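1. Sequence below, structure please.
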Amino acid sequence: MNLCIHGHFYQPPREDPISNYIPAETGAEPFNNWNEKILAECYEPNALAGNFGKISFNIGPTLFKWMWGYKPEIAQMIVDQERANFDAFGVGNGMAQTCHHTILPLATREDKVTQVHWGLSDFEYRFGHKPEGIWLPETGADLETLCVLSDAGLKFTILAPWQVDSLDGRPGPYLIDLPGGREPIVVFPYDRELSTMVSFIPESTRNGDEFLYRVREKLSYRQSELNLIASDGELYGHHQPFRDLFLTYLMNSDSADINWTYPSKWLTENKVESKARLVSPSSWSCFHGVDRWKRECCCTPGAYWKEPLFRSLHQIADWLDKTYAGFLSGFMDDPWRFRNEYIRVINGQKTLGGLVEEAGGRNVSAQDLASIDTLMRAQIKRQCMFSSCGWFHQEFHRIEPQNNIAYAGMAAWLTQQATGVGIDQNTISTLADVRDNRTGLRADTVFTQTLMRAENEG
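-> Here you go, the predicted structure:
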């Protein structure tokens, strides 16, 4: 049987929006922050065991950039293990991930394109080859998102089984037809029962032999398609202690009847013929489509703050985008393409001046270049505004929603510094409708305090 374990490795941006340093975080002791703690418990032991060369995986660009700065030897091990598969088979076992974990069905088309382009470019920069597949945050998908993936040259993604409806009653993987003459995209639905066992039933993963027995029992009648187990990668050693050892045991078990593989390799050996319809919009963490990340739903009852926060941040983002495009239109023809390519400046592959020149920049003085630099730093904060973790939980007083608002505040401050155009106070005032019922904390307070800090510290 063809079997694959996929690990989704991700942490949200933890840096303070103003200082760009990760502050000491409560609960991460004896480490300074959660990135360091999870690296020690999960990323490092799995890298040392060689597991990143044996499973399918994606690793978030914001997390990986931090890792390269903190423990580059571990990041290099992950790259080397993935690259060995690419050199051996012509396709690697790593998948890209969109950059800032934005729920793409809720994003503008421009943001969809930027998030996908930044994710692909970062993957190619780190791993040295183009990816064939991409992990969508929370597997959030709609038809426009799949079109953006196809336009970017991607071949496949992984979805939850309830995100697709088979058109012929056969099991996946499936082809999803796309409009506009695009090539269909392949979706791999993961196995619901096995993925649930791994992710949410700890006793199921205490004994590797017993787990493999359950796998054989369930999949004995399915010998041709790819049976995929999808899980949060941090489960293996962080969320569940010692599960890195469980994963290592599985991936090194001598089982003649199990062909461990991964989607890109499977596609080189098999042809996908079954078709399905996408359930749009949909995700793997919300049975109400993508409601969890824009309003109260049964996943997080009582989270009345989500809808006004979603509405207010999108109003702020709309102002940021109009100001951005209006300013850069004086220097180049396509500000949005320039933003997409800016990832090469972020990763040090190109200078800002070189990118401006490449974009057809005209009449750009040194002062103009400094303003463009500030404006692009604002656009990075602008992308961080919509990290999914800001809406995932029920409580507003958590750090994740506050960080999203603070990123919005810093984006507004930097945009004003670059362009001289200030944000309308009426736009900020809409944040007053967002408050925590227990503590009384208001979103407009977080936003204005960020502006004050930026003014004093910037």
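2. What residues does residue 355 make contact with?
-> Counting by C-beta atoms under 8 Å, 6 or more residues apart in numbering, residue 355 touches 338, 341-342, 344-345. Heads up, the C-betas are built off the backbone N, CA and C, glycines and all.
3. among the residues you listed, which two are most distant?
-> 338 and 344 (10.8 Å; C-beta to C-beta).
4. Mind checking which of those two has more residues around it?
-> residue 338 (22 against 19; other C-beta atoms under 10 Å).
5. for the more buried one, what are its contacts?
-> Residue 338 neighbours (C-beta under 8 Å, 6+ apart): 328, 332, 355-356, 359.
6. Which one (most neighbours) among those residues?
-> For the contacts of residue 338, the largest number of neighbours (other C-beta under 10 Å) sits with residue 328, at 25 neighbours.
7. How about the secondary structure of the residue of the chain most remote from its centre?
-> Note on the chain: the largest C-alpha distance from the chain mean falls to residue 363, namely 36.9 Å (C-alpha atoms, centre = their mean). Going by DSSP: H, G, I helix; E, B strand; the rest coil, the secondary structure assigned to residue 363 is coil.
8. Does it touch residue 331 like I think?
-> Yes: taking contacts as C-beta atoms under 8 Å, residue 363 lies within contact range of residue 331: 7.2 Å.
9. If we only consider the contacts of residue 338, which is nearest to residue 43?
-> Nearest to residue 43 out of the contacts of residue 338 is residue 355 (C-beta to C-beta; 31.5 Å).
10. what about the closest one, distance to residue 328?
-> The gap separating residue 355 from residue 328 is 12 Å, by C-beta to C-beta, to the nearest Å.
11. for this structure, longest helix please?
-> The longest helix of the chain (DSSP state H) is helix 306-328.
12. re earlier: quick check: of the contacts of residue 338, which lies closest to residue 320?
-> For the contacts of residue 338, the closest approach to residue 320 (C-beta to C-beta) belongs to residue 328, at 12.3 Å.
13. and residue 381, what pLDDT?
-> With respect to pLDDT, residue 381 has a value of 97.
14. what sits against the closest residue in space to residue 38 that isn't next to it in sequence?
-> Using C-beta to C-beta, 6 or more residues apart in numbering and skipping the chain neighbours, the partner closest in space to residue 38 is residue 238 (4.9 Å). Shown in contact with residue 238 (C-beta under 8 Å, 6+ apart): 37-38, 41-42.
15. One more pass at 7 Å, please.
-> 38, 41-42 (C-beta atoms under 7 Å, 6 or more residues apart in numbering).
16. Just the pLDDT for the spatially most central residue of the chain.
-> The residue lying closest to the centre of the chain (C-alpha atoms, centre = their mean) is residue 101, at 3.3 Å. The model reports residue 101 with a pLDDT of 94.
17. Give me the neighbour count for the closest residue to it other than its chain neighbours.
-> Excluding the flanking residues, the one nearest residue 101 by C-beta to C-beta, 6+ apart is residue 137, at 4.3 Å. Neighbour count of residue 137, defined by other C-beta under 10 Å: 27.
18. wait, residue 137 sits on residue 105?
-> No: between residue 137 and residue 105 no contact is recorded; they are 10.1 Å apart, counting by C-beta atoms under 7 Å.
19. now the strands for the stretch 101-250 of the chain?
-> Counting by DSSP state E, counting those that start in this stretch, one finds strands in the stretch 101-250 of the chain at the ranges 134-135, 156-159, 164-166, 174-176, 185-189, 226-232.
20. model confidence over the helix or strand just after the longest helix of the chain, on average?
-> Following helix 306-328 in sequence order, the next helix or strand is helix 335-341 (DSSP states H and E). For helix 335-341, mean pLDDT rounds to 98.
21. Which positions in helix 335-341 come out as buried?
-> The neighbour-count check on helix 335-341 (16 or more other C-beta atoms under 10 Å) flags 335-336, 338-341 as buried.
22. Which residue, other than its chain neighbours, is closest to residue 328?
-> Of all residues not flanking residue 328 in the chain, residue 335 sits nearest, at 3.9 Å (C-beta to C-beta, 6+ apart).
23. Residue 172 too?
-> Residue 172 sits nearest to residue 189 (C-beta to C-beta, 6+ apart), 4.5 Å away.
24. can you check residue 291 too?
-> Once flanking residues are discounted, residue 291 sits nearest to residue 297: 4.0 Å by C-beta to C-beta, 6+ apart.
25. I figured that neighbour hits residue 288, correct?
-> Yes: with contact defined as C-beta under 7 Å, residue 297 counts as touching residue 288 (4.4 Å).
26. neighbour-wise, which of those two wins?
-> residue 297 (17 against 13).
27. who's in contact with the more buried one?
-> By C-beta under 7 Å, 6+ apart, the contact list for residue 297 reads 286, 288, 291.
28. Reformat these as TSV; add pLDDT, distance to residue 194 and secondary structure.
-> Shown next, in TSV, are those (pLDDT from 0 to 100; distance: C-beta to C-beta, whole Å; DSSP: H, G, I helix; E, B strand; the rest coil):
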residue	pLDDT	distance to residue 194	secondary structure
286	91	21	coil
288	91	24	coil
291	96	27	helix
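29. on that earlier part again, for the residue nearest to residue 172, give its distance to residue 128.
-> 30 Å.
30. So which of the two has more stuff around it?
-> Neighbour comparison, residue 189 and residue 128: the larger count goes to residue 189, with 23 against 13 (by other C-beta under 10 Å).
31. Now do the contacts for residue 374.
-> Contact partners of residue 374, counting by C-beta under 7 Å, 6+ apart, are 414, 417-418.
32. at 10 Å instead, please
-> For residue 374, the contact set (C-beta atoms under 10 Å, 6 or more residues apart in numbering) comprises 413-419.
33. And what about it, helix, strand or coil?
-> Residue 374 ends up helix, using three-state DSSP.
34. what does the model give it for pLDDT?
-> Among the per-residue scores, residue 374 holds a pLDDT of 98.
35. residue contacts, the nearest residue to it once chain neighbours are set aside?
-> Excluding the flanking residues, the one nearest residue 374 by C-beta to C-beta, 6+ apart is residue 418, at 4.0 Å. Residue 418 is in contact with 323-324, 327-328, 368, 370-378, counting by C-beta under 10 Å, 6+ apart.
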